[in-house]
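Q: need a structure here:
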Amino acid sequence: MDVYHEFQKPEPMLAAMRASLAPGGTITLVEYRLEGETASHINIKHRMSVEQVLAEWTRAGFTLLKRTETLPSQHLFIFSGKRGARPR
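A: As a prediction, the model looks like this:
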């Protein structure tokens, strides 16, 4: 939670995370919102946009299953490591 933005080399880390998932496994990512004002108390370097997360994670082979925007200042994403998984 709130650590993915700190990865200095996200590509190999995402590849290792995807490879370590059990069949049917999922990963939940929570990051402060770059968009809007709800996370303005957090340094901009520690916030991420939906577009940035989706671009990096889908390029790494993950499929977004669900996105929730009900947390006060963070995005919540649930990804499958399986390409072409069906979103909920």
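Q: what sits against the residue sitting furthest away from the middle of the chain?
A: Largest separation from the mean C-alpha position in the chain: His41, at 20.4 Å (CA atoms, centre = their mean). Taking CB atoms under 8 Å, 6 or more residues apart in numbering, we find His41 in contact with Ser73. C-beta: built from backbone N, CA, C; applies to glycine.
Q: separation between the nearest residue to Thr70 once chain neighbours are set aside and Val30?
A: Leaving aside its chain neighbours, Thr70 sits nearest to Leu76 (7.8 Å; criterion: CB to CB, 6 or more residues apart in numbering). Leu76 sits 5 Å away from Val30, going by CB to CB, to the nearest Å.
Q: so the residue nearest to Thr70 touches Thr28, yeah?
A: Yes. Look at Leu76 against Thr28 with CB atoms under 8 Å: they come within range, at 6.8 Å.
Q: ok, which stretches of the chain are strands?
A: Here the chain has its strands, by DSSP state E, at 26-33, 47-48, 63-68, 74-80.
Q: per-residue confidence for Glu6?
A: Each residue has a pLDDT score; the one for Glu6 is 81.
Q: no more questions from me, cheers.
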